[in-house]
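In: here is a sequence together with a model predicted from it:
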Amino acid sequence: LLIPDLTDLHQVYPPAKLGGPELGLIGQSFAIQEVRDAIDRLKQVDSMVLLLGESGTGKEVVARAIHKSSDRANQRFDAINCGAIPEALLESELFGHKRGAFTDAKADRKGIFELCTNGTLLLDEIGDMPLMLQMKLLRVLQEWEVTPVGSSVPVKIKTRVISATHHDLKSEAHAKQFREDLYYRLSIVMIHLPPLRERLEDVPVLSAHFLDGLKKRFNREVRPLSPSVLNRMLKHHWPGNVRELQNALERAVVMSRNGELDSKDIFAHLCPVVKESVPEPERNAFDSSLYHWPLTEAKLEFERNYLKFHLTTSRGQIPEVADKSGRYKADVYRLLSRHGIDQTCFRN
Ligand SMILES: Nc1ncnc2c1ncn2[C@@H]1O[C@H](COP(=O)(O)OP(=O)(O)OP(=O)(O)O)[C@@H](O)[C@H]1O
Ligand SMILES: [Mg+2]
């Protein structure tokens with residue numbers, strides 16, 4: 001593993017090699033170089049691309065880079081999270097609706113496909129798209145026309161479609177949890193972003209890039225990471241991938257005295273969450289006060305307790321937590337990172 005001296009980083013890796021500010025895709029690992037190469041080859045064509053990778057690995061960054069390097073660069077780029085919008089609304093968000101199509105449809109409204117017809121549309125979390133809509137989406141991607149809800153007149157579109165997911169979509173397609181025909185349609189070009197732990201060579205360059213931004217944002221002097229801090233960082237599992245790294249560095253910069261970054265601050269998110277509340281699932285999970293919370297917060301609170309409960313009973317063993325919760329391991333890692341929970345704190 002090559003660990004460059006961060007003081008000289010920008011001399012060792014001129015901006016172009018770092019990915020170039022124009023693409024915003026930083027990294028010197030073989031994997032990232034291959035991604036950059038793929039983006040370059042996609043310049044002239046608008047084939048569909050499926051982006052795969054754990055949460056926080058940079059799927060959206062890559063989608064934007066594909067857009068920026070294409071001849072659609074001056075047009076719209078939009079991302080829609082197919083997992084976060086209720087099914088009934090999602091169809092209208094994607095394909096639009098006619099006035100009166102449903103109770104709240106006070107006027108005609110264009111969907112994101114149509115709005116983005118000359119640009120690029122990222123269908124994020126495509127793995128979470130309801131099966132009913134998968135069928136409609138497949139038809140859109142075959143005919144290149146959308147039919148707004150409540151209308152029978154299709155509208156032609158030329159949208160460039162990129163989709164992204166942290167799911168193992170191929171296995172899901174084989175298991176009939178995701179439409180196989182849609183999977184093949186979406187995955188004409190597939191780009192996989194490996195987790196950060198499998199490309200640790202990117203940690204120093206990404207850190208330098210983020211620290212540079214933080215220095216400017218907070219207008220602070222920040223010293224380069226010391227070799228011991230960097231070493232500690234290279235031993236970390238990074239379940240939240242690049243996003244976790246970015247947040248960790250921001251915290252360390254905010255907490256730093258005289259510009260010195262401390263690994264305690266970088267990893268401060270790992271254990272305090274657990275210290276502050278030892279899980280008491282029986283009491284918390286069904287705590288009736290949750291009924292008085294907004295639904296989103298109540299769900300998150302439940303999810304947090306649920307994870308801590310299974311981490312405690314399985315002593316931090318992710319495969320066991322995945323098994324008990326009926327999720328993929330990658331999903332469990334993603335949830336833990338979302339809640340800032342470190343499974344290693346449950347090992348003893
Ligand atoms: N190679 C990279 N160069 C620069 N910044 C990056 C890179 N990869 C990720 N990031 C940054 O890390 C954060 C997470 O990236 P992004 O949102 O693209 O991840 P994602 O794979 O879409 O995650 P999720 O599945 O959770 O949506 C962003 O702030 C992004 O700017
Ligand atoms: Mg994303």
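Out: Perfect, I can see it now. Ligands and ions are numbered 1, 2, ... in the order given.

In: how much space separates the one residue in the stretch 51-200 of the chain that gets nearest to ligand 1 from residue 47?
Out: The nearest approach of the stretch 51-200 of the chain to ligand 1 comes at residue 58, 2.6 Å away (CB to the nearest ligand atom). Every residue, glycine included, has its C-beta placed from N, CA and C. Residue 58 is 20 Å from residue 47, where distance means CB to CB, to the nearest Å.

In: ok, now residue 119?
Out: 16 Å.

In: which one's more surrounded, these two?
Out: residue 119 (18 against 10; other CB atoms under 10 Å).

In: what parts of the stretch 101-250 of the chain come near ligand 1?
Out: 166, 242-243, 246 (CB under 6 Å from any ligand atom).

In: okay if I get the residues you listed as a markdown table plus neighbour count?
Out: Shown next, in a markdown table, are those (neighbours: other CB atoms under 10 Å):
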| residue | neighbour count |
| --- | --- |
| 166 | 24 |
| 242 | 25 |
| 243 | 16 |
| 246 | 18 |
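
In: which of those residues fall in helices?
Out: 242-243, 246 (DSSP state H).

In: make a markdown table from these and add distance to residue 52 to it.
Out: Listed next are these as a markdown table, based on distance: CB to CB, whole Å:
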| residue | distance to residue 52 |
| --- | --- |
| 242 | 15 |
| 243 | 16 |
| 246 | 21 |
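
In: of these, closest to residue 110?
Out: Nearest to residue 110 among those is residue 243, at 31.7 Å by CB to CB.

In: where does the protein dip in pLDDT?
Out: Applying pLDDT under 70 to the chain flags the ranges 1-22, 270-290, 292, 348.

In: for it, which segments count as strands?
Out: 49-52, 77-81, 96-97, 109-110, 120-124, 145-146, 155-156, 160-165, 189-192 (DSSP state E).

In: pull the distance from the third one to the chain's centre.
Out: Here strand 96-97 is found 27 Å from its chain centre; the criterion is CA atoms, centre = their mean, to the nearest Å.

In: the last one now?
Out: Strand 189-192 has its C-alpha centroid displaced from the chain centroid by 15 Å (CA atoms, centre = their mean).

In: check what contacts that strand and list those residues.
Out: Strand 189-192 has contacts (CB atoms under 8 Å, 6 or more residues apart in numbering) with 35, 38, 42, 47-53, 62.

In: in these, find the pair that's most separated.
Out: Spatial extent of the contacts of strand 189-192 (CB to CB) is set by the pair 47 and 53 at 18.9 Å.

In: buried stuff in the lengthiest helix in the chain?
Out: Determined from DSSP H, the single longest helix within the chain is helix 295-313. Neighbour counts using 16 or more other CB atoms under 10 Å place 301-302, 304-312 of helix 295-313 among the buried residues.

In: output those as a markdown table; include the columns distance to residue 79.
Out: Shown next, in a markdown table, are the buried residues of helix 295-313 (distance: CB to CB, whole Å):
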| residue | distance to residue 79 |
| --- | --- |
| 301 | 27 |
| 302 | 27 |
| 304 | 26 |
| 305 | 31 |
| 306 | 28 |
| 307 | 27 |
| 308 | 31 |
| 309 | 33 |
| 310 | 31 |
| 311 | 31 |
| 312 | 36 |
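
In: a markdown table for these, including distance to ligand 1?
Out: Output for the buried residues of helix 295-313, formatted as a markdown table (distance: CB to the nearest ligand atom, whole Å):
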| residue | distance to ligand 1 |
| --- | --- |
| 301 | 20 |
| 302 | 20 |
| 304 | 17 |
| 305 | 22 |
| 306 | 20 |
| 307 | 17 |
| 308 | 21 |
| 309 | 24 |
| 310 | 21 |
| 311 | 21 |
| 312 | 26 |
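
In: and the residues you listed, which is closest to residue 98?
Out: Using CB to CB, the buried residues of helix 295-313 come closest to residue 98 at residue 302, 38.2 Å.

In: which stretches of the stretch 201-348 of the chain form helices?
Out: Taking DSSP state H, counting those that start in this stretch to define them, one finds helices in the stretch 201-348 of the chain at 202-218, 227-235, 241-255, 263-266, 272-276, 281-284, 295-313, 318-325, 329-339.

In: turn the ones you listed into a markdown table, including distance to residue 143.
Out: As requested, those are exported to a markdown table (distance: least, CB to CB, whole Å):
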| stretch | distance to residue 143 |
| --- | --- |
| helix 202-218 | 40 |
| helix 227-235 | 49 |
| helix 241-255 | 37 |
| helix 263-266 | 50 |
| helix 272-276 | 49 |
| helix 281-284 | 50 |
| helix 295-313 | 36 |
| helix 318-325 | 39 |
| helix 329-339 | 33 |
